[in-house]
Structures are given as C-alpha cells and as structure tokens.
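Student: all I have is the shape, not the residue letters:
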C-alpha cells in the first residue's frame, strides 16, 4: 500500500490529476502539468516505486517511438475513509475509497445532543464502518449544519443547539485516526466538485432543499467560502410576494416555501392531519386539492431561485440536492415555467442535474473533506 504524504508543487498537481481523472497517459499528464516527458518521468518514478502510483494496462497509452509507456493511476482501495453527517436526530455514515466510492453505509439515531454523547456516537459509528474496511481507515470527516472553524470547532450548530463546541478535540481524544469537521454544505459542494456531477466543470452552483435551503458555488474550479457560507443566507431570498411567512417574518422567502418542514406543515394543515414529505409529493402528483397547490407553488419558487442564482453567477451547470430534491421532479412543469420567465430568452442553456434524495450524499461529503485533508495536507 502506498503511503501518501502531503505533496507540494508539481508532485501534488500530478497526484491530483490522477486522483480525479486517472488513469492518464504520461503524455496527457505532461500536457496538464506543463512538464517535459523527461521531467515527468523523474517526478513520478519515486511515486511509482513507493506504491502511491501504479502503472496500468487499461486506459490511454502513449504511442511514441521506443517502448510504449503505461498509463498511470492510483489504487483507490489503498486507502479508506469514513464520512459522517449529523442532523438533529440522526448520524449517517459511509465508508469510501480514496475516490469517494461508497462501500458501506450505516445510520444511528441521535437522541442526546450533549457534545460528549454525540462524539461517542460518531466514534462508535466510525468504528463500525472501519470494521468493514480491509485495512485501517486513513481519515474521518464529520459534517453538520452550522459554522465550523479550523476544521475542529463548531461555533454554531443550530440543529444540535450547539455554541462553541470543540468537536474535533473531543473526537481526537478518542481516536488516533485524523479527524476533520466541516460545514455540511461546503462538504457536499466539494464532493460534487471533486467526484460528482460538477467534476470537470469550472463553474457551477449547488442548491439543496431539505431541513433548510442551501447554496454552494464553484468558480474557476474553486469552492467559494466565506464566514457567511454557513448561515444559509439564500434561505431568506424573496421569491413570491404573497407567499407564507418564515420564522423571521419574511413573506414568500425560500425557507417559507421550499423546506420539507414548511411543505409538510402547510399541507398537513390543509388536510387536518400530520403528513410526511413523500406523501405530500405523492398526493400532489395525483392532483390532490390540498397538496397540489402547495407543491406547485413550491416548484415555481424553486424555479425562481434557480433563475436568480443563474442570473447572478452565470454557471455552466446547476446541481440540485438535499432530501427534498424530489420536488424538482414532481413540480417540474412549474419549475421550468418560473425558470424561463426569469431568464433572458437569449440566455445560455442551463443544464440541471439532480442528486439522490438521501443523506448518503451528505455523509459522502464528509468523506471527501477527509480525503482532501489527507491528500492536500490542509
């Protein structure tokens, strides 16, 4: 098994190109990193000898004078990672390869919000997942909604009622495996960028709907982060002037129209009984008079939100995710009507991709943050 030490300069670039797009021929690698064939050979020789990179027979080859060279790749199963997503009532975990391929997933109820109890649950879940790996895992990534600083401290975690919780320190005290903590939306954006629908796309936006409304942005192949990334500013973006009120008194904002909670509350009130989100969508698809107007309005609002994001940032791609993303399928007609109404008719086509509507994608984001820390050393 190759031991991956944090790399710098051309070595890091070579390793990243192969991690994200391998196997690659040496000619293609030379082109991508701007090195001569001889310089590339000298650079990659110790990486091959250490087992970090491997020569493969499959994939592109170099057809040049002399003996043909084999493409370079890495063994994604040489290292494994655990990613864990925390919600207000659950911890969802996945075990992945170095390329974030999910091997196993587990879920545990989260009944105690005390930081020490949550840390214990995370470590138990990580151990259960690690037991399914053929060798010790190389990193653990934990994500949650809220503000996280320095990869360790949760300054604000609204779904767990946390303020200034040193989660990373609590976890590090219980394991020798490197641990990193991150905002869940940032992690999902990075996963989409490195290994998901946004891979190879220079500029895209990610919009999520679920317990909240999230927005991630990649520009010039880099995820945009700021202290405001974690506070859900897009949730209060106004969409429909006569829409319902959110908890801050905003009428017709994204949170009041698009979250799972807002939709189930409105339809449940109309029906006079509790109802879950999937049933709301099922009823709307059948034309139920209580559910259909709410879902249609939500789809229209989602189309307006996508149009606003596209008009401001001009992405090449829009990725929709979160546990509420099925709304985009059920209310597709209303979504597209709003999108086209708010976009210039001469504007570029706007491809849209839907992620799976489950928390496994969020947990995979935690694994990707651990992979990035492992590979890049920061």
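Tutor: In hand now; what should we look at? Keep in mind that this is a model prediction, so the values were computed, not measured. Numbering: from 1, shown residues only.

Student: in contact with residue 13, which residues?
Tutor: 32, 33 (Cβ atoms under 8 Å, 6 or more residues apart in numbering). From N, CA and C alone the C-beta is placed, and that goes for glycine too.

Student: what's the distance between it and residue 19?
Tutor: 11 Å (Cβ to Cβ, to the nearest Å).

Student: repeat that for residue 227.
Tutor: Remark: distance between residue 227 and residue 19 (Cβ to Cβ) = 29 Å.

Student: okay, buried residues for the lengthiest helix in the chain please.
Tutor: Longest helix of the chain, by residue count under DSSP state H: helix 291-313. Judged by neighbour count (16 or more other Cβ atoms under 10 Å), helix 291-313 contains these buried residues: 291-292, 294-310, 313.

Student: helices or strands up against that helix?
Tutor: strand 204-209, strand 213-219, helix 254-258, helix 260-271, helix 277-285, strand 317-321, helix 327-330, helix 332-342 (3 or more Cβ pairs under 8 Å, 6 or more residues apart in numbering; DSSP states H and E).

Student: give me phi/psi at residue 353?
Tutor: When read as degrees, to the nearest 10, the backbone of residue 353 gives phi -130, psi 140.

Student: which residues are contacting stretch 147-166?
Tutor: Taking Cβ under 8 Å, 6+ apart as the rule, stretch 147-166 contacts 86-88, 113, 115, 118, 144-146, 167-169, 180-183, 211, 227, 230-231, 373.

Student: of these, grab the buried ones for ChimeraX.
Tutor: Selecting only the buried entries of the contacts of stretch 147-166 in ChimeraX, with 16+ other Cβ under 10 Å as the criterion:
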select :86,87,113,115,118,144,145,146,167,168,180,181,182,183,211,230,231,373
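
Student: mind listing which of the contacts of stretch 147-166 are in strands?
Tutor: 86, 144, 180, 181, 182, 183 (DSSP state E).

Student: format those as CSV; extra columns: distance to residue 364.
Tutor: Formatted as CSV, the ones in strands among the contacts of stretch 147-166 follow (distance: Cβ to Cβ, whole Å):
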residue, distance to residue 364
86, 14
144, 15
180, 14
181, 16
182, 13
183, 15
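
Student: from those residues, which single one is nearest residue 319?
Tutor: Of all the ones in strands among the contacts of stretch 147-166, residue 319 sits closest to residue 183, with 17.0 Å by Cβ to Cβ.

Student: ok, now which ones touch residue 49?
Tutor: Going by Cβ under 8 Å, 6+ apart, the list of residues near residue 49 is empty.

Student: sorry, slip of the keys, the one I care about is residue 277.
Tutor: Residue 277 neighbours (Cβ under 8 Å, 6+ apart): 260, 263, 264, 323, 324.

Student: need the pLDDT of it.
Tutor: You'll see residue 277 listed with a pLDDT of 98.

Student: pLDDT below threshold where in the protein?
Tutor: Applying pLDDT under 70 to the chain flags residues 1-7, 58-69, 378.

Student: thinking again about what came up before, need the helices and strands packed on helix 291-313 in JSON lines (columns: distance to residue 352).
Tutor: Below are these laid out as JSON lines (distance: least, Cβ to Cβ, whole Å):
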{"stretch": "strand 204-209", "distance to residue 352": "10"}
{"stretch": "strand 213-219", "distance to residue 352": "15"}
{"stretch": "helix 254-258", "distance to residue 352": "16"}
{"stretch": "helix 260-271", "distance to residue 352": "20"}
{"stretch": "helix 277-285", "distance to residue 352": "18"}
{"stretch": "strand 317-321", "distance to residue 352": "5"}
{"stretch": "helix 327-330", "distance to residue 352": "8"}
{"stretch": "helix 332-342", "distance to residue 352": "9"}
